[in-house]
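Asks: this one's sequence-less:
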């Protein structure tokens, strides 16, 4: 209040008085200096808007004033109701093979589980200098230009024949030119160190080597745990690319809904909060540095700039400009004023999904209704005109998966007969890929899939976990990440629904 009083606010009061409905965030800070440790408890670092009808909101609600038909799921910012539109994105940690201007490319955007970092993208393409000679080239995020793809195995001091099935005649013939390419590159000992993406020039050779080793560890397929798994996945990537080139495997479909993930309100807010928190943290450490150099007494509670998080959140929700730095890119139109024309239009607005493709392009494929939209996306509810088919709505039967830990599933998989990957793995065994990480093989795939599904129906792990058996690629894919669209299915055994 203006006279300094503080009291809890209810949603309807925020609406009537044009206030922001938010809850305060407190942290405990421990300050360590050379000779002592100080504790500052319950430091206020900012306010975070509270969603109506969320768990936080239910504690303070005045039931009589609330409409029991109101679905909730929106925020109140300066008295106006704001919705966050869910954003559609391509899935990480999956190998995609696309034909780009007649050039075949395999790419994988890799991200560690539970990390909010930006992804590291790895691309392999088939470079043709003439009709016959097909060289595999690899692009890595920490290299200036592409290198022969097989060179990666020699960087790890491994032989590529352990990871690529060379008993297959076609694959062996295809790799001949890549081998020559590799041998040419290996003749020059400084080949790779020249390509490292280092800003400074005065790096010693040892430093360059450690830089390379660190980057191969952190930025090359970071979602795989061991060197062995990374190389096997990379080998699989090359194998699939060659098979696609030979016409044995189809290309990936950009518009299939298994390749899509949906960022809901929680993902969007956490992305924003992460950026704001980093900024606040940086400001705080700078002012502590300044105080320390001037030998002033440091009182942390005064140095925390709580305005950064409070105003940053409020600004983004009020204007719809999402994100802080220009590096990650500022998305527009994520936060919108809730449509209250009718009850149905409110429901539709809360369940809307936006695809981040430019609306002005005349691309028809992403706009079309896809077979995999069945029971996941409403076939009728979409705007007319330029955003037709790019702005979609969730079907009534669809839910969006929540994240669950993959470690439980790993241990259950090993109990059900899966064998961990070893060097020189069996290439004809069924691959088990958990969240994009090829971590095991199994010989009796039918039995394994049925066993895992039994575990799921007994609720040994979350029912949101997706288990699919791909007979064409001979792999069992298990996904535990958030943002997958799930639809209800009836389990039928011997023509009787269970």
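Replies: Yep, that arrived. Please read these numbers as outputs of a predicted model, since none were measured by experiment.
Asks: Which strand runs longest in the protein?
Replies: Across the chain, the longest stretch assigned as strand under DSSP state E is strand 37-49.
Asks: Let's test this: mean pLDDT of the helix or strand that that strand is followed by, rounded?
Replies: Going down the chain from strand 37-49, the next helix or strand is helix 55-58, by DSSP states H and E. Averaged over helix 55-58, pLDDT sits at 74.
Asks: tell me which residues in helix 55-58 are buried?
Replies: Buried residues in helix 55-58, counted by 16 or more other Cβ atoms under 10 Å: residue 57. Just so you know, the C-beta spots here come from the backbone N, C-alpha and C atoms, and that holds for glycine as well.
Asks: same for that helix, what does it pack against?
Replies: Contact partners of helix 55-58 among helices and strands, from 3 or more Cβ pairs under 8 Å, 6 or more residues apart in numbering; DSSP states H and E: none.
Asks: for the next helix or strand after that helix, packing partners?
Replies: Downstream of helix 55-58, the next assigned helix or strand under DSSP H and E is strand 75-77. In terms of contacts (3+ Cβ pairs under 8 Å, 6+ apart), strand 75-77 is packed against helix 11-16, strand 37-49, strand 80-84, helix 306-319.
Asks: picking that back up, the longest strand of the chain to strand 80-84, inter-axis angle?
Replies: On the basis of axes from the mean of the first three to the mean of the last three Cα atoms, to 10 degrees, strand 37-49 is oriented at 100 degrees to strand 80-84.
Asks: Quick check: buried residues in strand 37-49?
Replies: Buried positions in strand 37-49, judged by neighbour count with 16+ other Cβ under 10 Å: 43, 45-49.
Asks: If you count contacts, what does it end up packed against?
Replies: Counting contacts by 3+ Cβ pairs under 8 Å, 6+ apart, strand 37-49 is packed against strand 22-32, strand 75-77, helix 265-293, helix 300-303, helix 306-319.
Asks: Tell me which of these is the most buried.
Replies: Compared across the helices and strands packed on strand 37-49, strand 75-77 shows the largest average neighbour count, a mean of 26 (mean count of other Cβ atoms under 10 Å).
Asks: which residues make contact with it from outside it?
Replies: Here strand 75-77 makes contact (Cβ atoms under 8 Å, 6 or more residues apart in numbering) with 11, 14-15, 19-21, 49-52, 81-84, 314, 317-318, 335.
Asks: Specify the beta-bridge partners of the closest residue to residue 319 other than its chain neighbours.
Replies: Leaving aside its chain neighbours, residue 319 sits nearest to residue 335 (7.3 Å; criterion: Cβ to Cβ, 6 or more residues apart in numbering). Note on residue 335: beta-bridge partners residue 84, judged by DSSP bridges.
Asks: Repeat that for residue 433.
Replies: Beta-bridge pairing of residue 433 under DSSP bridges involves residue 438, residue 477.
Asks: one step back: residue 133 is nearest to which of the helices and strands packed on strand 37-49?
Replies: Of all the helices and strands packed on strand 37-49, helix 265-293 sits nearest to residue 133, with 44.6 Å by Cβ to Cβ.
Asks: for the closest one, the distance to its chain's centre please.
Replies: 22 Å (Cα atoms, centre = their mean, to the nearest Å).
Asks: what does stretch 32-45 give?
Replies: 35 Å.
Asks: average pLDDT for it?
Replies: Averaging pLDDT along stretch 32-45 gives 84.
Asks: Give me the contact list for that stretch.
Replies: Residues from elsewhere that reach stretch 32-45 (Cβ under 8 Å, 6+ apart): 24-31, 277, 280, 298, 300-301, 304, 306, 309.
Asks: what's the answer for stretch 241-259, then?
Replies: Defining contact as Cβ under 8 Å, 6+ apart, one finds that stretch 241-259 is touched by 90-91, 94-99, 104, 106, 124, 126, 134, 136, 170-171, 174-175, 240, 365-366, 368, 370, 372-373, 376-377, 468, 472-473, 485.
Asks: please redo it, this time with the cut-off set to 7 Å
Replies: With contact meaning Cβ atoms under 7 Å, 6 or more residues apart in numbering, stretch 241-259 is reached by 90-91, 94, 96-99, 104, 106, 124, 126, 170-171, 174, 240, 365-366, 370, 372-373, 376, 485.
Asks: Next: stretch 184-193.
Replies: The contact list for stretch 184-193 (Cβ under 7 Å, 6+ apart) reads 147-148, 151, 154, 205, 208, 212.
Asks: which one of the residues you listed sits closest to residue 414?
Replies: Ranked by distance to residue 414 (Cβ to Cβ), these are led by residue 154 at 31.5 Å.
Asks: I'd like the distance between the closest one and residue 216.
Replies: Distance of residue 154 to residue 216, computed by Cβ to Cβ, to the nearest Å: 12 Å.
Asks: Pull out the buried residues from stretch 130-146.
Replies: For stretch 130-146, the neighbour count (16+ other Cβ under 10 Å) marks 134-140, 142-143, 146 as buried.
Asks: As CSV, the residues you listed with pLDDT and distance to residue 57 would be great.
Replies: Shown next, in CSV, are these (pLDDT from 0 to 100; distance: Cβ to Cβ, whole Å):
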residue, pLDDT, distance to residue 57
134, 80, 59
135, 81, 59
136, 83, 54
137, 84, 53
138, 85, 50
139, 85, 47
140, 83, 46
142, 80, 45
143, 80, 49
146, 80, 52
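Asks: Next, give me the two most distant ones among the residues you listed.
Replies: Maximum pairwise distance among the buried residues of stretch 130-146 (Cβ to Cβ): 25.6 Å, between 134 and 142.
Asks: got the buried residues of strand 37-49 as TSV, with distance to residue 191 columns?
Replies: Putting these into TSV (distance: Cβ to Cβ, whole Å) gives the following:
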residue	distance to residue 191
43	53
45	49
46	50
47	54
48	51
49	53
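Asks: residues in contact with the residue most central in space within the chain?
Replies: Compute the mean C-alpha point of the chain, and by Cα atoms, centre = their mean the closest residue is residue 92, 5.2 Å away. Contact analysis of residue 92 by Cβ under 7 Å, 6+ apart lists 109-111, 119.
Asks: try 10 Å this time
Replies: Listed by Cβ atoms under 10 Å, 6 or more residues apart in numbering, the contact set of residue 92 reads 108-113, 115, 119-121, 223, 261, 435-436, 481.
Asks: likewise residue 341?
Replies: Taking Cβ under 10 Å, 6+ apart, we find residue 341 in contact with residue 349.
Asks: Just the buried residues of stretch 130-146: which are in helices?
Replies: Assignment to helices by DSSP state H places none of the buried residues of stretch 130-146 there.
Asks: what helix or strand is residue 106 on?
Replies: strand 103-110.
Asks: what packs against the next helix or strand along the chain from that strand?
Replies: Downstream of strand 103-110, the first helix or strand assigned by DSSP H and E is strand 120-128. Under the contact definition 3 or more Cβ pairs under 10 Å, 6 or more residues apart in numbering; DSSP states H and E, strand 120-128 sits against strand 96-100, strand 103-110, strand 134-139, helix 169-187, helix 227-246.
Asks: Repeat the analysis, applying 6 Å as the threshold.
Replies: The contact analysis (3 or more Cβ pairs under 6 Å, 6 or more residues apart in numbering; DSSP states H and E) places strand 120-128 against strand 103-110, strand 134-139.
Asks: Out of those strands, which is closest to residue 444?
Replies: strand 103-110 (28.5 Å).
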